[in-house]
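Engineer: All I have is the shape, not the residue letters:
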């Protein structure tokens with residue numbers, strides 16, 4: 001099969017990307033939204049140049065896909081577009097660096113691992129981050145090694161758009177500066193370098209201005225969100241995060257990549273390999289370090305595997321590890337199939353937070369009356385109400401919860417009579433806000449293998 005693909009690698013690459021894009025679009029129509037997806041969709045109805053939780057790019061992308069469809073699969077076109085273009089540029093970059101055979105293998109590796117397929121499913125700021133990280137890597141490579149003004153310009157644009165996607169994009173900037181200082185200090189004498197910096201600064205300036213106007217609240221949240229207040233070490237959290245890399249990028253691919261990154265000294269000697277390796281090592285080492293102090297989500301390291309897919313494909317070809325590549329591919333595809341089937345048929349087990357919310361909102365809809373306001377006990381519940389209620393009314397978080405964009409928009413007199421959806425019995429906390437609270441319904445659904453969870457619907461009247 002692989003030998004046949006090699007005869008027309010470019011066409012095979014396009015067909016593979018198109019196949020996964022179509023498969024994912026159809027597949028995504030059968031899954032309810034994750035609470036975070038509903039929250040970001042809510043942002044797309046209130047566009048601005050920054051948000052409390054993240055930069056604005058995810059809202060802009062969803063705003064554009066809303067013109068096609070606001071259904072679940074329509075929102076997830078953000079993922080399909082982002083991951084497909086990323087896959088295309090991984091093929092293009094690896095083709096320029098190492099030739100068509102490595103390029104096709106890199107694309108196959110990228111397209112087979114469960115991390116990437118999770119990216120095709122859930123709409124998060126990681127989707128545009130992966131897209132613009134890949135484009136930045138491609139154009140930065142061309143600018144550094146070929147020196148065209150156009151590539152410097154595009155590098156600046158992509159860097160700016162990447163910074164508008166997720167704040168961890170700053171790691172790419174650090175990677176570039178490290179490479180230039182260690183290998184290509186002559187670039188500091190190139191006016192195109194400063195042209196690219198200017199362009200990136202212009203692109204990112206609206207987000208910086210929004211943060212300035214809001215006392216840098218988004219930056220402060222991210223620094224606190226990914227940090228520990230103490231310097232106490234938790235080796236178990238590091239081991240959990242480290243071991244997780246072998247799951248998301250598959251055991252064989254991760255083992256090969258990590259082994260050669262540690263073992264091979266030639267990567268520092270060969271500039272192109274060092275450039276690629278640095279794009280992997282910078283982000284991995286940063287999050288490995290952070291994982292000693294607090295729990296890191298596995299997707300935080302996702303951009304490392306853009307260069308990781310290319311370098312792994314290069315290693316397989318350089319050392320003729322044909323059998324190892326086939327074994328790794330089989331394992332990766334197996335993990336991906338299991339994961340996709342799990343999401344499709346066992347959502348209450350693999351992602352129970354997504355399960356039952358749509359049904360709860362539909363039940364609440366049957367109790368709604370003219371003039372009702374709608375509230376959730378958490379930002380995701382409020383976002384589910386906003387998305388799944390028929391008229392898509394404005395909603396809010398009624399009980400004290402983690403600070404969110406809702407708190408930044410909220411007016412002082414936001415409490416009205418209406419309905420509240422909660423994840424726990426909340427008569428006591430609601431009674432501090434209203435004189436009359438009545439539990440009018442509830443819905444119990446599966447959670448995990450044998451567990452259950454219940455969502456509660458309250459009618460609240462007479463604000464205190």
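Structural biologist: That came through fine. Every value quoted in this text rests on a predicted model; they were computed, and no experiment measured them.
Engineer: Name the next helix or strand downstream of the lowest-mean-pLDDT helix or strand in the chain, please.
Structural biologist: Lowest mean confidence among the helices and strands of the chain (mean pLDDT, DSSP states H and E): helix 2-7, at a mean of 51. Sequence-wise, the next helix or strand downstream of helix 2-7 (DSSP states H and E) is helix 9-28.
Engineer: so what does the helix or strand just after that next one touch, helix or strand wise?
Structural biologist: Heading C-terminal from helix 9-28, the first helix or strand you meet, by DSSP H and E, is helix 35-44. On a contact count with 3 or more Cβ pairs under 8 Å, 6 or more residues apart in numbering; DSSP states H and E, helix 35-44 meets helix 57-65, helix 379-388, helix 405-409. Every C-beta, even on glycine, is put in place using the N, C-alpha and C of the backbone.
Engineer: Need the residues that contact helix 35-44.
Structural biologist: Contacts of helix 35-44 with the rest of the structure, by Cβ atoms under 8 Å, 6 or more residues apart in numbering, involve 33, 51, 56, 58-60, 62-63, 66, 70, 75-76, 122-125, 353-354, 357, 378-381, 383-384, 386-388, 404-405.
Engineer: That one versus helix 379-388: what angle between them?
Structural biologist: Between helix 35-44 and helix 379-388, the angle comes out at 60 degrees (axes from the mean of the first three to the mean of the last three Cα atoms, to 10 degrees).
Engineer: Mean confidence (pLDDT) on helix 35-44, please.
Structural biologist: The average of the pLDDT scores along helix 35-44 is 98.
Engineer: same thing with stretch 176-194?
Structural biologist: Mean predicted confidence for stretch 176-194 is 96.
Engineer: Name the residues of that stretch that are buried.
Structural biologist: By neighbour count on 16 or more other Cβ atoms under 10 Å, the buried set for stretch 176-194 is 176, 179, 180, 184, 187, 190, 192, 193.
Engineer: What residues does the residue nearest in space to the middle of the chain make contact with?
Structural biologist: Most central in the chain under Cα atoms, centre = their mean is residue 126, positioned 2.2 Å from the mean C-alpha point. Going by Cβ under 8 Å, 6+ apart, residue 126 touches 119, 166, 299, 302.
Engineer: That one and residue 115: what is the separation?
Structural biologist: Distance, residue 126 to residue 115, by Cβ to Cβ, to the nearest Å: 10 Å.
Engineer: which neighbours do these two share?
Structural biologist: Shared contacts of residue 126 and residue 115 (Cβ under 8 Å, 6+ apart): 299, 302.
Engineer: chain center to stretch 302-309: distance?
Structural biologist: In terms of Cα atoms, centre = their mean, to the nearest Å, the centre of stretch 302-309 is found 13 Å from the chain centre.
Engineer: Identify the farthest-apart pair in the buried residues of stretch 176-194.
Structural biologist: With Cβ to Cβ as the measure, no two of the buried residues of stretch 176-194 lie farther apart than 179 and 192, at 15.9 Å.
Engineer: residue ranges with poor pLDDT in the protein?
Structural biologist: Within the chain, the ranges that satisfy pLDDT under 70 run 1-7, 226-229, 265-266.
Engineer: What residue spans form the domains of it?
Structural biologist: Per automatic domain parsing, the structural domains of the chain span 2-345, 352-463.
Engineer: looking at the ones you listed, which is buried most?
Structural biologist: Sort the domains of the chain by mean neighbour count, taking mean count of other Cβ atoms under 10 Å, and domain 2-345 sits at the top with a mean of 19.
Engineer: mind listing what the nearest residue to residue 296 once chain neighbours are set aside touches?
Structural biologist: Leaving aside its sequence neighbours, residue 296 sits nearest to residue 241 (Cβ to Cβ, 6 or more residues apart in numbering; 4.8 Å). By Cβ under 8 Å, 6+ apart, residue 241 lies in contact with 287, 288, 291, 295, 296, 298, 301.
Engineer: cutoff 10 Å now
Structural biologist: Counting by Cβ atoms under 10 Å, 6 or more residues apart in numbering, residue 241 touches 287, 288, 290, 291, 292, 295, 296, 297, 298, 300, 301.
Engineer: Look up how far residue 248 lies from it.
Structural biologist: From residue 241 to residue 248 the distance is 11 Å (Cβ to Cβ).
Engineer: who touches both of those two?
Structural biologist: 298, 301.
Engineer: still on that earlier bit, make TSV out of the buried residues of stretch 176-194 and add secondary structure and distance to residue 279.
Structural biologist: Putting the buried residues of stretch 176-194 into TSV (DSSP: H, G, I helix; E, B strand; the rest coil; distance: Cβ to Cβ, whole Å) gives the following:
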residue	secondary structure	distance to residue 279
176	helix	9
179	helix	9
180	helix	13
184	coil	15
187	helix	16
190	coil	21
192	helix	20
193	helix	18
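Engineer: Of these, just say which sits nearest to residue 364.
Structural biologist: Of all these, residue 176 has the smallest distance to residue 364: 49.6 Å, by Cβ to Cβ.
Engineer: from what I can see residue 336 touches residue 114, true?
Structural biologist: Yes. With contact defined as Cβ atoms under 10 Å, residue 336 counts as touching residue 114 (4.8 Å).
Engineer: Which neighbours do these two have in common?
Structural biologist: Common neighbours of residue 336 and residue 114 are listed as residue 250 (criterion: Cβ under 10 Å, 6+ apart).
Engineer: quick one, phi psi at residue 396?
Structural biologist: Dihedral angles of residue 396 (phi, psi; degrees, to the nearest 10) stand at phi -150, psi 170.
Engineer: give me the beta-bridge partners of it?
Structural biologist: With DSSP bridges applied, residue 396 shows beta-bridge pairing to residue 375.
Engineer: Distance check, it against residue 355.
Structural biologist: From residue 396 to residue 355 the distance is 24 Å (Cβ to Cβ).
Engineer: And for residue 151?
Structural biologist: Taking Cβ to Cβ, one finds residue 151 at 46 Å from residue 355.
Engineer: before we move on, the earlier item: let's have the contacts of residue 241 in JSON lines, adding distance to residue 91.
Structural biologist: Shown next, in JSON lines, are the contacts of residue 241 (distance: Cβ to Cβ, whole Å):
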{"residue": "287", "distance to residue 91": "26"}
{"residue": "288", "distance to residue 91": "29"}
{"residue": "290", "distance to residue 91": "31"}
{"residue": "291", "distance to residue 91": "31"}
{"residue": "292", "distance to residue 91": "36"}
{"residue": "295", "distance to residue 91": "34"}
{"residue": "296", "distance to residue 91": "29"}
{"residue": "297", "distance to residue 91": "28"}
{"residue": "298", "distance to residue 91": "25"}
{"residue": "300", "distance to residue 91": "25"}
{"residue": "301", "distance to residue 91": "22"}
